[in-house]
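K.L.:
here is my input; please provide its structure:
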Amino acid sequence: MQPRSLRIGVLALILLLTIPAALAQQEPSSLYSGIYRVNSIDIELKGNGIVDVTQELVVDKPEARILLPKTSELEILDSRGKLEYESDLIYDEQVVTFNPRSYFPESDGKVWISYTSDHLTHKSGSVWTLMFSSLATSAHTEVEVIFPPGTKILDLRSDAPRYPANLSSPLSMYPQDSQFSVDCDYEVEETEGGSIPVELIIIAIVIIMAAISLVVMVSKGRKKDQGTETKEQKAATPEDEKEEQEAPPEATEGKRGIKESVLNMLDEREKEIIGVIEGSGEDEITQAYIYKTTGIPKASLSDIIKRLESRNIIESTPEGRTKWIKLKKWVFN
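P.N.:
Reported below is the predicted structural model:
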């Protein structure tokens with residue numbers, strides 16, 4: 001009985017080892033399904049080799065599957081929010097399966113996949129190498145690669161046309177095939193650091209102490225002024241109050257600010273976006289400007305913009321590939 005049990009155990013072990021190998025040998029295209037189109041791929045590299053990737057897809061089936069690198073953080077969104085997914089790991093890659101709530105052509109079928117990975121880069125000496133591949137849509141997908149500040153791009157190997165031609169960041173690429181890949185060598189310049197002179201530390205402390213003293217003095221002065229105003233208000237005649245109430249509307253014009261009732265129903269990221277729009281000094285700004293200013297991932301930003309628009313707080317106007325955003329008039333004081 002023992003030899004037979006041993007043979008069964010060995011066969012089971014061989015089977016377990018060959019299944020992942022068989023999956024790994026499949027053609028990449030066979031590991032994708034339900035994906036009608038890839039609109040964009042945004043790749044942002046950090047100085048430590050970590051890579052943030054956001055892909056905008058259009059799905060056309062109730063179940064979709066995509067091959068991704070091994071990730072530490074993965075989020076899949078559609079226009080209604082987060083989607084559940086299943087992931088099967090194959091060495092340093094994973095096959096991710098998810099079920100969109102709507103799909104093309106019944107709706108726009110857009111899905112955003114965002115993830116963070118440390119399996120897309122490796123370092124030799126001072127030179128980093130990025131190796132990335134993905135499904136693409138020929139003559140449609142736009143790839144943007146953002147390198148860390150101070151990066152020197154040494155070499156880039158890819159069949160996709162690129163802009164600009166002089167290898168500077170951000171770099172835009174335009175795949176002409178159903179599979180996109182890029183292999184890039186780059187160096188990140190290290191900023192020169194050093195100890196801060198003692199004299200500068202002392203000056204900074206003096207300035208901070210002076211600022212604190214000034215704030216305390218101003219605060220005390222305001223409290224005194226408020227006490228005086230309270231006494232004067234108590235002594236005010238009904239005629240004075242009537243004159244204040246009848247003051248012309250021009251006296252309050254030009255005062256802009258978001259209504260407190262509007263701010264109270266926003267979360268922190270929504271407030272940040274509203275603040276960027278209001279603080280720009282313009283009637284409307286682009287969604288790209290909000291992305292650059294806030295650093296919110298594009299997929300999450302698009303979701304928040306749609307949410308604010310559905311609540312009639314903002315209005316978006318597409319103009320080609322650019323989307324203009326402005327605040328509705330009713331949200332102001």
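
K.L.:
quick check: which ranges of this structure have low pLDDT?
P.N.:
Applying pLDDT under 70 to the chain picks out residues 1-30, 191-197, 223-256.

K.L.:
please parse it into its domains.
P.N.:
The domain map for the chain lists 28-188, 257-331, with the assignment taken from automatic domain parsing.

K.L.:
among the ones you listed, which comes closest to residue 201?
P.N.:
Nearest to residue 201, of all the domains of the chain, is domain 28-188, at 26.3 Å by Cβ to Cβ. Yep, even glycine has a C-beta here, placed from its N, CA and C like the rest.

K.L.:
picking up where we left off before, for the domains of the chain, which one ends up most surrounded?
P.N.:
Most buried of those by mean neighbour count (mean count of other Cβ atoms under 10 Å) is domain 28-188; its value is a mean of 17.

K.L.:
so what's residue 300 up against?
P.N.:
Counting by Cβ atoms under 8 Å, 6 or more residues apart in numbering, residue 300 touches 75, 77, 114, 269.

K.L.:
what's opposite the closest residue to residue 74 other than its chain neighbours in the beta bridge?
P.N.:
The shortest distance from residue 74 to any non-neighbouring residue, by Cβ to Cβ, 6 or more residues apart in numbering, is to residue 115 (4.5 Å). Counting by DSSP bridges, residue 115 is bridged to residue 53, residue 74.

K.L.:
can you pull the contacts of residue 115?
P.N.:
Neighbours of residue 115 in contact, by Cβ under 8 Å, 6+ apart: 52-53, 68-69, 71-75.

K.L.:
for those residues, which one is nearest residue 41?
P.N.:
So of the contacts of residue 115, ranked by how close each gets to residue 41 (Cβ to Cβ), first place is residue 53, at 7.0 Å.

K.L.:
quick one: stretch 70-82 to chain centroid distance?
P.N.:
On the basis of Cα atoms, centre = their mean, to the nearest Å, stretch 70-82 sits 12 Å off its chain's mean C-alpha point.

K.L.:
quick check: end-to-end length of that stretch?
P.N.:
20 Å (Cα to Cα, to the nearest Å).

K.L.:
great, nothing more from me.
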